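S.K.: coordinates only, sequence not included:
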């Protein structure tokens, strides 16, 4: 038998929150999505998977993570367990035996496909089913000893030749009059109800590991290539620490597999009953313990490993889930009410932020010191378990901040509860809500930074925290909600980091915004304005700068610069103009009107008044080529500003800076064109440090 059809199209409404964002087939059971238990049990078989509910999620997920030969067909548009079956049968060769199974059945290790020439029906012996099969007959009767479990083996697809496109498959079998050889499904589990899933023991280890507790010993073993590879680095780390006489690790009894003492204590996140003072005491001891590790040995800084650990590995993982996570291709995502910039659109900023914290040397690391990997012996003494043993491509040594951010990961963002699936993820049409149960240690965030004063910064921890969450996306591949939740949490903390950016990054970004805007200014219009200003002054008239609001000091600065050089200029407040100040405007004067929008009512009103004055030369300085004045005034200088540089892109910030630069450039050019010399400037500025400097020059 080479083919298995998996009916995975059901909505799984009885699974409640578990199928809010994903189909039932992807609900994790014992650290694997339900359907992957079949994939692992029969890696050489050919699978035909019938999808419907959240079909796109199933499609993208299987494409990225299924390592078997499969074909996905869509049952959408049809109803019941017959949906999609006719299309699935088309992929089964003639005269080929095949299995049909519901996705929520998990077969035990002991299960074997029977050698039989008959059609076979799997009969439940451990759980209730809505239908039963007894004495060769189907009956719609709830039963846990003769239940129709949703497992069939057919001798040939012709048996199902007349299967309808809609309806209940078992009911159709009954009406068809087919008989089956029964196969008892002992130890088989069916997970159609949330309560059945919720009764499962919560797995604290990853799907590549197996942990067995025997008496006072813990045995940990890798069960696939990834687990076995990690076990090698873990063993090497324990051996190294033992060789350095470091005692804050478990007693190791053997290494293949790792057998160690069962610590008389709990993981840190389990100490929910500690008082605030007890938590402070424990955190201080943990940080001291990790500092002891870091002080044991050091190694030269390796940029390749630094980039790999924080950036390259993270981007590789993110690429794998980009088409799987909703909104991952949007420039911004609303997460818990916060508009969060998407890392895919800000990789250069992220890289710069991360690289600016590159250390001078590497130190000996634990590498994964979350609350899950630290215990308190007798509730007081830290014990380090489950070390990573590498950083990027470097064994043992790495960036000291990597250990601190892993601790912060648990302390502040409750990774351990997330790892235990104690979170709620609601993916809406336009936004995401993610709630993670608390470890109960968030109040110690300030104390954490107090204990590490001088070692790390808040911005450093925030950007690295975002990176760690992003890296979790495919590390937690076994649960679709965990993939999505890790991505959204990464976005949330990335946004916080970007909001906390250093002064350098603000300067850098602002300079780019200003430069782009200035490059967009028409030099032909600029030269025309300067030329007309020159002609105005030479004809004995003046330059007037007019504005209101935050443009007032810009105009006043221009006026001051011009007057200090002996050139006639004045400032006209847009509002005061209509209360008599407009009297300063004479025929032959040139007026530069400053307004960002070019549509402000006061500015439009003043322009309409001034254009009636004969001989007044009117110019507009604006950022909006589509504004009212830009559409009305013949002479204008447009500054194509993309962003004001404030958090909301609304404050007059970059625009006023640009206006100052432009007006000052006009003044500087006029000084040259009017042949104003330093000797002519001196009498206008006899006071202050400049006056003193000019006297001595």
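M.R.: Structure received. Predicted model, so just to flag it, every value in this text is computed and none were measured.
S.K.: which parts of the stretch 451-600 of the chain are helices?
M.R.: 458-475, 480-499, 503-519, 523-538, 552-564, 574-577 (DSSP state H, counting those that start in this stretch).
S.K.: in terms of pLDDT, where does residue 209 sit?
M.R.: Per-residue pLDDT puts residue 209 at 62.
S.K.: gap between the closest residue to residue 121 other than its chain neighbours and residue 129?
M.R.: With CB to CB, 6 or more residues apart in numbering as the criterion, residue 121 has its nearest non-adjacent residue at 3.8 Å, and that residue is residue 180. Where you see a C-beta, it was placed from the backbone N, CA and C, and this is true even at glycine. According to CB to CB, to the nearest Å, residue 180 and residue 129 sit 14 Å apart.
S.K.: then residue 35?
M.R.: Distance from residue 35 to residue 129, by CB to CB: 20 Å.
S.K.: list the contacts of the helix or strand where residue 88 lies.
M.R.: Assigned by DSSP states H and E, residue 88 falls within helix 85-89. Helix 85-89 is contacted from outside by 5, 7, 48, 50, 73-75, 100, 157, 160, 163-165, 169, using CB atoms under 8 Å, 6 or more residues apart in numbering.
S.K.: so which of those residues comes closest to residue 236?
M.R.: residue 48 (43.9 Å; CB to CB).
S.K.: what lies in contact with the biggest strand by length in the chain?
M.R.: Using DSSP state E to define each element, the chain has its longest strand at strand 147-154. The contact list for strand 147-154, computed with CB under 8 Å, 6+ apart, reads 1, 7, 81, 97-102, 104-105, 107, 113-114, 116, 119-124, 127-133, 138, 160, 170, 180, 183, 185, 188, 190.
S.K.: I'd like the next helix or strand past the lowest-mean-pLDDT helix or strand in the chain.
M.R.: Averaged element by element with mean pLDDT, DSSP states H and E, the chain has its least confident helix or strand at helix 194-198 (a mean of 71). Using DSSP H and E, the helix or strand that follows helix 194-198 in sequence is strand 209-214.
S.K.: so what does that next one touch, helix or strand wise?
M.R.: strand 217-222, helix 225-243 (3 or more CB pairs under 8 Å, 6 or more residues apart in numbering; DSSP states H and E).
S.K.: need these in a markdown table with mean neighbour count and distance to residue 433, can you?
M.R.: Shown next, in a markdown table, are those (neighbours: other CB atoms under 10 Å; distance: least, CB to CB, whole Å):
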| stretch | mean neighbour count | distance to residue 433 |
| --- | --- | --- |
| strand 217-222 | 17 | 36 |
| helix 225-243 | 16 | 32 |
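S.K.: nearest to residue 12, out of those?
M.R.: Nearest to residue 12 among the helices and strands packed on strand 209-214 is helix 225-243; the distance by CB to CB comes to 28.6 Å.
S.K.: just how off-centre is the closest one within its chain?
M.R.: 30 Å (CA atoms, centre = their mean, to the nearest Å).
S.K.: show me which residues of stretch 666-682 are buried.
M.R.: Across stretch 666-682, burial judged by 16 or more other CB atoms under 10 Å covers 666, 667, 669, 670, 671, 674.
S.K.: from those residues, which ones fall inside strands?
M.R.: Going by DSSP E, the strands hold none of those.
S.K.: show me those that map onto helices.
M.R.: In helices, judged by DSSP state H, the following of these are found: 666, 667, 669, 670, 671.
S.K.: which one is the last one nearest to, not counting chain neighbours?
M.R.: It stands for residue 671. residue 565 (5.2 Å).
S.K.: what's the answer for the second one, then?
M.R.: The spatially closest residue to residue 667, leaving aside those adjacent along the chain, is residue 561, at 4.5 Å (CB to CB, 6+ apart).
S.K.: do the first one as well
M.R.: With sequence-adjacent residues excluded and distances taken as CB to CB, 6+ apart, residue 666 is closest to residue 530, at 5.7 Å.
S.K.: and the third one, by the same measure?
M.R.: Ranked by CB to CB, 6+ apart and with sequence neighbours excluded, the top spatial neighbour of residue 669 is residue 530, at 4.9 Å.
S.K.: does the one you found touch residue 668 like I think?
M.R.: No. Applying CB atoms under 8 Å as the test, residue 530 and residue 668 come out as separate, 9.7 Å apart.
S.K.: and residue 57, what element?
M.R.: helix 55-65.
S.K.: same for that helix, what does it pack against?
M.R.: strand 46-51, strand 69-74.
S.K.: give me the pLDDT for residue 361.
M.R.: Value for residue 361, per-residue pLDDT: 97.
S.K.: gap between it and residue 298?
M.R.: Taking CB to CB, one finds residue 361 at 5 Å from residue 298.
S.K.: any low-confidence regions in the chain?
M.R.: 200-209, 222-223, 226-227, 502-505, 697 (pLDDT under 70).
S.K.: okay, how far is it across stretch 384-401, tip to tip?
M.R.: End-to-end distance of stretch 384-401 (CA to CA, to the nearest Å): 17 Å.
S.K.: run the chain-centre distance for it.
M.R.: 24 Å.
S.K.: in that stretch, what counts as buried?
M.R.: Buried, per 16+ other CB under 10 Å, within stretch 384-401: 384-392, 394, 396-401.
S.K.: same question for stretch 566-573.
M.R.: By neighbour count on 16+ other CB under 10 Å, the buried set for stretch 566-573 is 567, 569, 570, 571, 572, 573.
S.K.: could you do stretch 686-696 as well?
M.R.: For stretch 686-696, the neighbour count (16+ other CB under 10 Å) marks residue 694 as buried.
S.K.: quick one: contacts for residue 267?
M.R.: 204, 371, 372, 373, 374, 375, 416.
S.K.: could you redo the last one with a cut-off of 6 Å?
M.R.: 371, 372, 375 (CB atoms under 6 Å, 6 or more residues apart in numbering).
S.K.: most neighbours out of those residues, which is it?
M.R.: Looking at these with neighbours defined as other CB atoms under 10 Å, the largest count falls to residue 371 at 25 neighbours.
S.K.: quick one: that one and residue 294, what's the gap?
M.R.: For residue 371, the distance to residue 294 - CB to CB - is 19 Å.
S.K.: now do the contacts for the nearest residue to residue 581 once chain neighbours are set aside.
M.R.: Distance criterion CB to CB, 6+ apart; nearest residue to residue 581, sequence neighbours excluded, is residue 572 at 5.9 Å. By CB under 6 Å, 6+ apart, the residues touching residue 572 are 544, 546, 581.
S.K.: figure out how far the helix or strand where residue 305 lies is from the centre of its chain.
M.R.: Taking DSSP H and E as the criterion, residue 305 maps to helix 303-307. Between the centre of helix 303-307 and the centre of its chain there are 22 Å (CA atoms, centre = their mean).
S.K.: quick one, what contacts residue 331?
M.R.: Contacts for residue 331 were tallied using CB under 6 Å, 6+ apart; they are 342, 345.
S.K.: what residues sit buried inside the helix holding residue 57?
M.R.: Buried-residue list, helix 55-65, by 16+ other CB under 10 Å: 55, 57, 58, 59, 60, 61, 62, 65.
S.K.: redo those as TSV? Include distance to residue 355.
M.R.: Shown next, in TSV, are the buried residues of helix 55-65 (distance: CB to CB, whole Å):
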residue	distance to residue 355
55	41
57	35
58	38
59	37
60	32
61	33
62	36
65	31
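S.K.: out of the residues you listed, who's nearest residue 426?
M.R.: Distances from residue 426 to the buried residues of helix 55-65, taken as CB to CB, are shortest for residue 57 (14.8 Å).
S.K.: tell me how far the closest one lies from residue 12.
M.R.: Note on residue 57: its distance to residue 12, by CB to CB, is 12 Å.
S.K.: mind listing the strands in the stretch 551-697 of the chain by residue range?
M.R.: Using DSSP state E, counting those that start in this stretch, the strands of the stretch 551-697 of the chain run over 569-573, 590-594, 617-622, 636-638.
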